[in-house]
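Asks: any chance you could fold what I've pasted below:
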Amino acid sequence: MDWTTAPDAFIERCILAIGGRTALYGVRTLLMHVRRTVMQPPETIELEILRAFGGRIRLIERRPGCEPRVIVINGFAGQVMMQGRLAPLPALQLEAIKRRIRLYPRNFLAHAEEYDYAPPVADRDTDGDPIWRLDLPSEDVSYGFDAAHFQCRFLEDRETGERITYSDYVATDGILTARREQCWQAGQLVHEDDILYLAFNVPFDDADFTVL
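Replies: Now for the predicted structure:
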């Protein structure tokens, strides 16, 4: 099929490649344990991320020798807690976290009808493999989807100058998810995330997302 003349059908093909609409729309909560390896200065950070419908996010950040840092976002409000002290989450940081989650490939595909996206264009990835490049002008980002399997290989964010690559796709509850993400800037690897644990539709307490 000529996807350049059928962008909506292209989106449906990409959704099907990671599990289909029924599986994607059935997700109400998500829990991830992530090991983040920062390159400069060298550091390993453990992240526990709980997300629930309604724009609710709870992020626990653990660094060696430090107290855990807890970030809670509920809609347009956010707070950070460290060493027993609460403080409002700075607006720019709150928006950056929400933007990253909103533009994550699976989330974009699930809500693609809310965006104006350009028809996909045949292109090549940095390793020469054929891809379909999909531009999202309103967000100033581009996605690269594998031409053979239609899984997302990268997200290029011109607003932040970041290129996020996705690999090692594994199915959980019928949904394919990249278990490794790498963040690049100016051709240099900034950090690498390995998803050690992933579960969908886990039970949660509303109090976990309370913003005081």
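Asks: contact partners for the residue nearest to Arg36 when sequence neighbours are not counted?
Replies: Of all residues not flanking Arg36 in the chain, Ile45 sits nearest, at 4.3 Å (C-beta to C-beta, 6 or more residues apart in numbering). Glycine gets a C-beta too; all of them are placed from N, C-alpha and C. Residues near Ile45 by C-beta atoms under 8 Å, 6 or more residues apart in numbering: Arg35, Arg36, Val38, Glu61, Arg62, Arg63.
Asks: please check those residues and keep the buried ones.
Replies: Listed as buried from the contacts of Ile45 are Arg36, Glu61; burial here means 16 or more other C-beta atoms under 10 Å.
Asks: residues in contact with the lengthiest strand in the chain: which ones?
Replies: When the chain is parsed with DSSP state E, its longest strand is strand 188-200. Residues outside strand 188-200 that contact it (C-beta under 8 Å, 6+ apart) are 26-27, 29-40, 47, 162, 172-173, 175, 177-184.
Asks: so what are the sheet partners of it and their directions?
Replies: Counting by DSSP bridges, the strands paired with strand 188-200 are strand 29-38 (antiparallel), strand 175-185 (antiparallel).
Asks: closest to Ala91 out of those strands?
Replies: strand 175-185 (22.3 Å; C-beta to C-beta).
Asks: in that closest one, what counts as buried?
Replies: Residues of strand 175-185 classed as buried by neighbour count (16+ other C-beta under 10 Å): Ile175, Leu176, Thr177, Ala178, Arg179, Glu181, Gln182, Cys183, Trp184.
Asks: run the chain-centre distance for it.
Replies: 8 Å (C-alpha atoms, centre = their mean, to the nearest Å).
Asks: from the rest of the structure, what touches it?
Replies: Strand 175-185 is contacted by residues 17-19, 23-24, 27, 106, 151-152, 161-171, 189-195, 198, 200 when judged by C-beta under 8 Å, 6+ apart.
Asks: which members of the residues you listed are classed as buried?
Replies: Among these, those that count as buried by neighbour count (16+ other C-beta under 10 Å) are 17-19, 23-24, 27, 106, 151-152, 162-166, 169, 191-193, 195, 198, 200.
Asks: give the contact list for the nearest residue to Leu30 once chain neighbours are set aside.
Replies: With C-beta to C-beta, 6+ apart as the criterion, Leu30 has its nearest non-adjacent residue at 4.7 Å, and that residue is Arg51. For Arg51, the contacting residues are Thr29, Leu30, Leu31, Ile57, Arg58, Ile101, by C-beta under 8 Å, 6+ apart.
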